[in-house]
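K.L.:
below is the structure, and that's it, no one-letter string:
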Ligand SMILES: [Zn+2]
């Protein structure tokens, strides 16, 4: 009885070992691809044969290091103090049609409807362009700027439905600089600027309406807390003074990692 069981066990073991030997001879095991330190350092999402989707791009240490610290924030349309614009749909207003609360402010020129089409949209504060693209026809062109508060807290401003986008990805823009123009998101809405402020380290676009706050802040409250109406005269943006017309920092080969990033991006 005992020997029969042993024989069966041995037979099963023999069949299994034989099967694996046969399998490995039919389909050779592909060699393990070693990831070097340099390769491990590149952005994680590089599609095989298309553009890098910056929505999934995590900032590298050297990119984070470029994010300007801010002490002043202005209104992104109209005057820096908020004149000549009105807010058609305030932050966290409930929109039953869309099934959620509005995640930003809808800023319009005081003329209403499409009278503000093509009006300048300004960087609300010194920032690094961490997203510039069109995630969907309904969103239209979007720019996201990254900023840091005094306590190093990350802060982002998002400018959506743009007619024209003028700030290239990776560029540093100064407060008050024109980064785009007010648009209709491909004719989906009367022209307005959908403006959001978030606390975030990553790049996510979202849907414009939410049931919960998540990382969204009230743009008007943030601007009010960081806006000194006298600041323009007494402390112009240092970035503006530095004249930032130099090369795009993300494509500058002198910055470690930039060359590799662009090589992979253009693949
Ligand atoms: Zn909106």
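P.N.:
That came through fine. Computed from a prediction, not measured in an experiment: that's the story for all the values here.
K.L.:
contact partners for residue 193?
P.N.:
Listed by C-beta atoms under 8 Å, 6 or more residues apart in numbering, the contact set of residue 193 reads 76, 77, 106, 107, 108, 121, 159, 160, 161, 162, 182. C-beta: built from backbone N, CA, C; applies to glycine.
K.L.:
quick one: secondary structure of it?
P.N.:
Secondary structure assignment for residue 193 (DSSP: H, G, I helix; E, B strand; the rest coil): strand.
K.L.:
state the distance from it to the ion.
P.N.:
In this view, residue 193 and the ion are 9 Å apart by C-beta to the ion, to the nearest Å.
K.L.:
next one: residue 17
P.N.:
65 Å.
K.L.:
residue 222 now?
P.N.:
Counting by C-beta to the ion, the gap from residue 222 to the ion is 16 Å.
K.L.:
any idea how far that residue is from residue 61?
P.N.:
Counting by C-beta to C-beta, to the nearest Å, the gap from residue 222 to residue 61 is 26 Å.
K.L.:
do residue 158 as well
P.N.:
23 Å.
K.L.:
of these two, which one has the most company?
P.N.:
residue 158 (24 against 9; other C-beta atoms under 10 Å).
K.L.:
please tell me how far the more buried one sits from the ion.
P.N.:
From residue 158 to the ion the distance is 10 Å (C-beta to the ion).
K.L.:
and the residue in the stretch 1-150 of the chain that the ion sits nearest to, how many neighbours?
P.N.:
Per C-beta to the ion, residue 106 is where the stretch 1-150 of the chain lies closest to the ion, at 4.2 Å. For residue 106, the neighbour count with other C-beta under 10 Å is 21.
K.L.:
can you list the strands that the helix or strand containing residue 160 pairs with?
P.N.:
Using DSSP states H and E, residue 160 sits in strand 154-162. With DSSP bridges as the test, strand 154-162 is paired with strand 141-148 (antiparallel), strand 193-198 (antiparallel).
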